[in-house]
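Chemist: Sequence below, structure please.
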Amino acid sequence: MCDTKHCTKNNNNSRNNNKNNVKFIIREATKQDCPSLKQLIIGLAKYESRSLETLPNIEQLEEYGFADQLAKRLFRTVVAQLDGGDGDNNELIGYALYYRNYTPSQGKGMYMEDLYVDSEYRGCGVGRALVAQVAKQCVDAECTSMEWLCYGWNTSSLDFYKNLGAVDIQESLECHKFGISGDDKLAQLANKTVDQQSIKYKIRTGVRDDCPAVREMILKFTVDVKMNLNKVVTLDQLRDDGFGDDKDSRQYRLLVVQLDDSSELIGFAIYYNDYSLNDGKGLWLDTLYVKPQYRRSGVGRLLMSRVASEAIADRCHTVCWGCYAWNRRAIDFYEQFGAINYSLVYDLRLFAIDGPALKQLADCALQ
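Modeler: From the prediction side, this is the model:
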């Protein structure tokens, strides 16, 4: 249930905080909101001392967030709007931008890229209402978890998220965000070549029939990184999530590495599009795996190169992924490509909320 100290539900689908006398509604953003949304985005960039030059323009917001074809939309947005009643004051005072993410170790999820409330209206329950609405979207879509990043210096936000029941993954599991940013660096990675030596293999786009072999490798990967096997997606889920009949509902794309002289698969990469207001359209590499007996033979490097090629072909400007701090071998592998540890450079904290805490937060959303 909602904490009535911070907000109350009203019949007119708005919330009222007696202390501040602020009434507002939470709703889905529309294309017509993009000019106002851009101003809020500028406000967030200034608050975080980020460059304004790399922010998307209104046309880019319309293209990636409100395209007529659902498959071309990279993100969704909910906004907080003042409830002026008589229509005199209906300005936007906050927003949350989010999109689907996917990991075979847990299944479908939701990633909140940005959350911002105009400074004049903080402490009125607006931020909590926005996060709760994203959580509701997450639960309604049968996603298992919701994640987002927060700067380590932003102690008020860190406390706010922890009070919602979220867990600091950076703190508990030391999961760091890595990435390669910029068209030149991506092109350099995409053009890397490796002598295949005695191992002959090919990298190709995965198909539905690859799912049984890929899932077996997912189980081995899950053991390697010490995660819970009970949360790994089933074979049917893996098939439906990546190769369902409705292309707009597909959660991920797949590359596989196959030996030339047999049908054996020896590695794979699972990835999908993401979106950042700093970098624009990007690609998130969720899982890259090569069977132990084929490591140190260039397979992983060529797989990374192919992922970069896919990103360039899809007009992406970044490729990012997560890696545990204890996995020094993997970190050394990534750093040879010029990857940056964003978590350390920018002091980023990864938060996640799932299970009962996620459902409890979703219950606070406006109906």
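Chemist: In the stretch 251-367 of the chain, what residue spans correspond to helices?
Modeler: Listed in chain order, the helices of the stretch 251-367 of the chain (DSSP state H, counting those that start in this stretch) span 299-313, 328-335, 342-345, 355-362.
Chemist: Counting by contacts, list what the longest one packs against.
Modeler: Other elements packing on helix 299-313 under the criterion 3 or more CB pairs under 8 Å, 6 or more residues apart in numbering; DSSP states H and E are helix 183-190, strand 201-205, strand 253-259, strand 265-276, strand 280-290, strand 318-324. No exception for glycine: its C-beta is placed from N, CA and C like everyone else's.
Chemist: Which of those sits closest to residue 84?
Modeler: Closest to residue 84 of these, according to CB to CB: strand 265-276, at 31.2 Å.
Chemist: Next one: the closest residue to residue 161 other than its chain neighbours relative to residue 164, how far apart?
Modeler: Nearest residue to residue 161 in three dimensions, chain neighbours excluded: residue 351, at 5.1 Å (CB to CB, 6 or more residues apart in numbering). Per CB to CB, to the nearest Å, residue 351 is found 9 Å from residue 164.
Chemist: Kindly report the same for residue 310.
Modeler: In terms of CB to CB, residue 310 sits 35 Å off from residue 164.
Chemist: Share the number of residues neighbouring the residue nearest to residue 353 when sequence neighbours are not counted, please.
Modeler: Leaving out its chain neighbours, the residue that sits closest to residue 353 by CB to CB, 6+ apart is residue 166, at 4.3 Å. Look at residue 166: counted by other CB atoms under 10 Å, it has 23 neighbours.
Chemist: Residue 166: what's it in contact with?
Modeler: The contact partners of residue 166, taken as CB atoms under 8 Å, 6 or more residues apart in numbering, are 351, 352, 353, 357.
Chemist: Residue 256 now?
Modeler: Residue 256 touches 203, 204, 205, 206, 210, 213, 214, 265, 267, 268, counting by CB under 8 Å, 6+ apart.
Chemist: who does it bridge with?
Modeler: residue 204, residue 268 (DSSP bridges).
Chemist: Quick check, pLDDT for the residue sitting nearest the centre point of the chain.
Modeler: For the chain, the residue nearest the mean C-alpha position is residue 111 (3.9 Å; CA atoms, centre = their mean). Residue 111 is assigned 97 on the pLDDT scale.
Chemist: And residue 70, by the same measure?
Modeler: 84.
Chemist: hmm, back to that, can I get the helices of the stretch 251-367 of the chain in a markdown table with mean pLDDT and distance to residue 101?
Modeler: What follows is those, written out as a markdown table (pLDDT from 0 to 100; distance: least, CB to CB, whole Å):
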| stretch | mean pLDDT | distance to residue 101 |
| --- | --- | --- |
| helix 299-313 | 95 | 16 |
| helix 328-335 | 92 | 20 |
| helix 342-345 | 92 | 16 |
| helix 355-362 | 93 | 14 |
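Chemist: out of those helices, which comes closest to residue 322?
Modeler: Smallest distance to residue 322 across the helices of the stretch 251-367 of the chain (CB to CB): 8.9 Å, for helix 342-345.
Chemist: contacts for the closest one?
Modeler: So helix 342-345 is contacted by 170, 176, 177, 178, 179, 320, 348, 349, 350 (CB under 8 Å, 6+ apart).
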